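Engineer: Pasting a predicted model and its sequence here:
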Amino acid sequence: MRSLAPILTVLAAIVALWYAGTVRLNAQWTYDQAARAGVEVTFRELLADTMAQERPVLPAPHQVAQGLWDGVFGQKPSSKRSLVYHGQVTLSATLVGFVIGTLAGILLAVGIVHNRAMDLSVMPWAIASQTIPILAIAPMVIVVLASIGVTGLLPKAVISAYLSFFPVVVGMVKGLRSPDAMQLDLLRTYSASPAATFWKLRLPASMPYLFASLKVSVAASLVGAIVGELPAGASAGLGARLLSGSYYGQTIQIWAALFAAAILAAGLVTVIGVIERGTLRRMGMDR
Amino acid sequence: MSWLWGAVIFWLAAWAFNVWLANRPVARSRAVQLFIPALFGVTLLILWEGIVRGLDVPGVILPAPSAIWATIRASLPVLAGDFVQTILKGALSGYLIGCGAAVLTAIAIDRSPFLQRGLLPIGNFVAALPIVGIAPILVMWFGFDWQSKAAVVVVMVFFPVLVNTVAGLAASERMQRDLMATWGASYWQTLVKLRLPAAMPFIFNGLKIATTLALIGAIVAEFFGSPTRGMGFRISTAVGQLSLDMVWAEIAVAALAGSAFYGVVALIEKGVTFWHPSQRGRT
């Protein structure tokens, strides 16, 4: 609560800057229109016009809010103009990819922790792969999967899964290794089998690490799903909305899609945060 | 078929060798720790080659590594041109501007806890958003050439570096700051001699995250419009023509450039933060 006032101040400053930018960037068009019509514009008219252009260079915040409201509540959820419809397409690809990527990542991490050869040979590649701009392969994955007859949700989910995979691997390896030698020795004195050590010590100890990397990877998998919608003329999804908006110069549509994506990302991260807090509290690990 | 079996047998043999090597005391040595992942990478390439040749996978689905290598060698000038356009002009200039602006902003808001409490949650929030989405807007504003790519990169790298720098500036200990105060050091002296050096591990953490983001931003922004060169442009047109060997060649270049970029930043970090525990004892 203490930080609410500063946050609101900064937000207000951003909105004020945005309005100033709107007037400045859109003024050119207003002046051009006025010159063509042969009339002078007063400052008041200039302000009014820059806030309400059809295709502004920078839409005013209230225009974006209007576009977002229209897209979410003004249409039937099944209509092609509805952001709910496009958001739902992107969200389903994100979630499928996120679940696949997370499960695969946890499995690989378990393998790496229990097998020394896998640790030495796979781990350097998992770390190195983080430095590679993986998103560049997105268009190729889409086209290749389409050419062998896989279209729709799955290609996007593959990209999402790939992006969410590595953060989970790296985080889980760290987490599964986090019990210290004393705890491992204790389980040894109990003569616990490797499986029991895994279920009773390593897995519970890794939970904080798992959730930290889940937050990163869910955001990454949303980016993956959006970028996966860019190539090959996908017709549905927030990424397709962005692309068609940029083709036809519909700036309000782009900004509305962008904010819808931002709200979706924030929602997903919040959901993971709530699950994290609940789980850690039940395990007695919350701070 | 013999290609396939040969590759699979080679893979199994190399894996067995790796397992044998990993469970031996020599696995502690530096050379072996480099050799094992290298061998793993080579076996993956050979397995890939063997599967493509053995099963006659068409080149439009998965080209063999040898075919990709041939394409790289045949189209070096094109790849070099794309590299200059995307990495040097787009990603690198945006990276420098964005990281510089982020560090300066962090120093500027350093004296105001009020602004920090306001900006940090927003910065953390924005860092989790799909910022690539602003690419079409910035392409509209700054035109098709590298300036718009640099702008996307600036926005993408700004917040991670800002958040890390602010966290880093808070990293010096109470005792150290008190010591500076007893010496009568001014704010700027404390900043330059104590707090910025103490912040370096955090700043470099942000800078390393930003290297990957910079390349992703520059490449993805080209999907929304670019002059007729650049890695993103080449990838999207080559995919359209189904010449996947070209796509893989670009990806290989991107991977190399990404790793090299990261490596250079990590090297600079090693030189700057030589005093930090994570750098000591690893000569």
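Structural biologist: Happy to help now that I have it. Residues are numbered from 1 along each chain as shown, chains lettered A, B, ... in the order given.
Engineer: show me what contacts residue 246?
Structural biologist: If you meant another chain, say so; for now it's chain A. Neighbouring residues of A:Ser246 by Cβ atoms under 8 Å, 6 or more residues apart in numbering or on different chains: A:Ile254, B:Pro136, B:Ile137, B:Val139, B:Met140, B:Phe224, B:Gly225. Bear in mind the C-beta positions are built from the backbone N, C-alpha and C, glycine included.
Engineer: Switch to chain B, please.
Structural biologist: Neighbouring residues of B:Met246 by Cβ under 8 Å, 6+ apart: B:Thr71, B:Ser75, B:Arg234, B:Ala238.
Engineer: of all the residues you listed, which comes closest to chain A?
Structural biologist: Of all these, chain A sits closest to B:Ala238, with 8.5 Å by Cβ to the nearest Cβ.
Engineer: Based on its surroundings, how many neighbours for the closest one?
Structural biologist: Neighbour count of B:Ala238, defined by other Cβ atoms under 10 Å in any protein chain shown: 21.
Engineer: so where does it fall, helix or strand?
Structural biologist: helix B:231-240 (DSSP states H and E).
Engineer: re the thing from before, columns distance to A:Ala128 on top of the contacts of B:Met246, output as CSV?
Structural biologist: Formatted as CSV, the contacts of B:Met246 follow (distance: Cβ to Cβ, whole Å):
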residue, distance to A:Ala128
B:Thr71, 23
B:Ser75, 25
B:Arg234, 23
B:Ala238, 24
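Engineer: Would you point out the most distant pair within these?
Structural biologist: Using Cβ to Cβ, these span at most 11.5 Å, a distance reached by B:Thr71 and B:Arg234.
Engineer: And for stretch B:204-212, what's in contact with it?
Structural biologist: Counting by Cβ under 8 Å, 6+ apart, residues outside stretch B:204-212 touching it are A:130-133, B:95, B:98-99, B:102, B:156-157, B:160-165, B:258, B:261-262, B:265-266, B:268-269, B:272-273.
Engineer: could you dump it to CSV, C-alpha only?
Structural biologist: The C-alpha coordinates for stretch B:204-212 follow below in CSV (Å, rounded to 0.1, in the frame of the first residue of the first chain):
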residue,chain,number,x,y,z
PHE,B,204,26.0,-7.1,-16.1
ASN,B,205,23.2,-9.6,-15.2
GLY,B,206,20.8,-7.2,-16.9
LEU,B,207,23.2,-6.6,-19.8
LYS,B,208,23.5,-10.3,-20.5
ILE,B,209,19.7,-10.8,-20.5
ALA,B,210,19.5,-7.9,-22.9
THR,B,211,21.8,-9.4,-25.5
THR,B,212,19.3,-12.1,-26.4
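Engineer: Tell me how far the host helix or strand of B:Asp82 lies from the chain's centre.
Structural biologist: B:Asp82 belongs to helix B:76-83 when assigned by DSSP H and E. Here helix B:76-83 is found 20 Å from its chain centre; the criterion is Cα atoms, centre = their mean, to the nearest Å.
Engineer: quick one: buried residues of whatever helix or strand comes next after it?
Structural biologist: For helix B:76-83, the following helix or strand on the C-terminal side (DSSP H and E) is helix B:93-108. Of the residues in helix B:93-108, B:Ser93, B:Gly94, B:Tyr95, B:Ile97, B:Gly98, B:Cys99, B:Ala102, B:Val103, B:Thr105, B:Ala106, B:Ile107 count as buried by neighbour count, 16 or more other Cβ atoms under 10 Å in any protein chain shown.
Engineer: Which members of those residues additionally contact chain A?
Structural biologist: Among these, no residue sits close to chain A (Cβ under 8 Å from any Cβ of the partner chain).
Engineer: and of those, the nearest to A:Ile14?
Structural biologist: Nearest to A:Ile14 among those: B:Thr105, at 13.6 Å, using Cβ to Cβ.
Engineer: Please determine how far that closest one is located from chain A.
Structural biologist: Separation of B:Thr105 from chain A (Cβ to the nearest Cβ, to the nearest Å): 12 Å.
Engineer: do B:Leu242 as well
Structural biologist: Per Cβ to the nearest Cβ, B:Leu242 is found 7 Å from chain A.
Engineer: which one is that residue nearest to, not counting chain neighbours?
Structural biologist: Nearest residue to B:Leu242 in three dimensions, chain neighbours excluded: B:Val60, at 4.6 Å (Cβ to Cβ, 6 or more residues apart in numbering or on different chains).
Engineer: For the stretch 101-250 of chain B, just list every one of the strands.
Structural biologist: All residues of the stretch 101-250 of chain B lie outside strands when identified by DSSP state E, counting those that start in this stretch.
Engineer: For it, what lies in contact range of chain A?
Structural biologist: Residues of the stretch 101-250 of chain B found near chain A (Cβ under 8 Å from any Cβ) are B:114-119, B:121-122, B:125, B:128-130, B:132-134, B:136-137, B:139-141, B:211-212, B:215-216, B:219-220, B:223-225, B:231-232, B:235-236, B:239, B:242, B:244, B:247-248, B:250.
Engineer: Pop the domain breakdown of the chain in here.
Structural biologist: Using chain A here. Per automatic domain parsing, the structural domains of chain A span A:4-58, A:83-282.
Engineer: should've been chain B
Structural biologist: Listed domain ranges for chain B are B:2-57, B:71-272 (source: automatic domain parsing).
Engineer: What is the end-to-end distance of the first one?
Structural biologist: So that's domain B:2-57. In domain B:2-57, first residue to last residue: 15 Å (Cα to Cα, to the nearest Å).
Engineer: How about the last one?
Structural biologist: Terminal residues of domain B:71-272 lie 40 Å apart, using Cα to Cα.
Engineer: average pLDDT for that domain?
Structural biologist: Mean per-residue pLDDT for domain B:71-272: 86.
Engineer: So what's the gap between it and the chain middle?
Structural biologist: Taking mean C-alpha positions (Cα atoms, centre = their mean), domain B:71-272 and its chain are 9 Å apart.
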